[in-house]
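Asks: Coordinates for the following, if possible.
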Amino acid sequence: MGISYESILHNETELRTQLRYILRKYKQSALVERYIEGREVTIGLVGNLIGPVARRIPKDENAHRIQAGLQFLPPMEVNLEPWIEAGGVYGNVLKTDHAADLEYLCPAPLDEDMVDELNWLAAAVFRVTGALDVARIDFRLDVHDNFKPYILEINPLPGLMPKLSDIVIEAEADGISHTELVNMILNTALHRYGMI
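Replies: Here you go, the predicted model:
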């Protein structure tokens, strides 16, 4: 919420205008940070951490998917090229009003080393924030620094709307139906509580 093309500011006047708007509309503090130009990628995961997060995981066909009790879904990227003229910001308006017009790249076109790094960072964020059972971590890959990943946010309660929510799209790309995804999350929580 509150993220749009107008969120990318170039001077103090624009900053003050946007701050007034955000403070008035949302009636809470505003976060101001450096804009990272580049690709936006999200990683969904289900599970709970057991043991340490390995920096590198063994290379086998499922190595990029499971680590320390977490199952990683394929990384997803939204092709924002067609939306550059409209600002190219994957904010709430684009996610909801234009969801049917977006091209979801899942799995995102990333090399194996980048996927490993994003999964490791996602697991670290999951651990540090104390997340449980499911989360989705959003990244920006800096176009001016060899696509270095920056963590944007963690969504500890990601949306689960069929065909629309990012984590659901990621699961479907991995052959996991919406019902199966919901049951995976439920079973993870039940297991954590010792109920199964």
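Asks: Of all the residues in stretch 99-117, which ones are buried?
Replies: The neighbour-count check on stretch 99-117 (16 or more other Cβ atoms under 10 Å) flags 102, 105-108, 110, 114-117 as buried. Glycine gets a C-beta too; all of them are placed from N, C-alpha and C.
Asks: Can you measure across it, start residue to end residue?
Replies: End-to-end distance for stretch 99-117: 28 Å, by Cα to Cα, to the nearest Å.
Asks: In helices only, show me the buried residues of stretch 99-117.
Replies: Among the buried residues of stretch 99-117, DSSP state H puts 114-117 in helices.
Asks: Would you mind putting these into TSV with distance to Ile50 alongside?
Replies: Output for those, formatted as TSV (distance: Cβ to Cβ, whole Å):
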residue	distance to Ile50
Met114	25
Val115	21
Asp116	19
Glu117	21
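Asks: and which of the residues you listed is nearest to Ser177?
Replies: Val115 (22.9 Å; Cβ to Cβ).
Asks: Can you name the next helix or strand after the helix or strand of the chain with the lowest mean pLDDT?
Replies: Every helix and strand of the chain was ranked by mean pLDDT, DSSP states H and E. The lowest is strand 66-67, at a mean of 62. Later in the chain than strand 66-67, the nearest helix or strand by DSSP states H and E is strand 70-72.
Asks: Neighbouring strands of that following strand in the sheet, and parallel or not?
Replies: As defined by DSSP bridges, the strand partners of strand 70-72 come to strand 38-47 (antiparallel), strand 66-67 (antiparallel).
Asks: that older thread, closest one to Gln28 out of the ones in helices among the buried residues of stretch 99-117, please.
Replies: Using Cβ to Cβ, those come closest to Gln28 at Glu117, 32.9 Å.
Asks: give me every residue that touches the closest one.
Replies: Pro149 (Cβ atoms under 8 Å, 6 or more residues apart in numbering).
Asks: what about the chain, any weak spots by pLDDT?
Replies: Across the chain, the ranges flagged by pLDDT under 70 are 51-68, 83-88, 93.
Asks: Residue ranges of each domain in it, please.
Replies: 1-35, 36-192 (automatic domain parsing).
Asks: among these, which is the most enclosed?
Replies: The highest average neighbour count among these, using mean count of other Cβ atoms under 10 Å, belongs to domain 36-192 at a mean of 17.
Asks: can you tell me the distance between the two ends of it?
Replies: So domain 36-192: terminal residues 37 Å apart, Cα to Cα.
Asks: who touches the residue nearest to Phe126 when sequence neighbours are not counted in this structure?
Replies: Closest residue to Phe126 apart from its sequence neighbours, by Cβ to Cβ, 6 or more residues apart in numbering: Ala135 at 5.5 Å. Counting by Cβ under 8 Å, 6+ apart, Ala135 touches 44-45, 122, 125-126, 129, 154-156, 158.
Asks: repeat that with 6 Å
Replies: By Cβ atoms under 6 Å, 6 or more residues apart in numbering, Ala135 lies in contact with 126, 154, 156.
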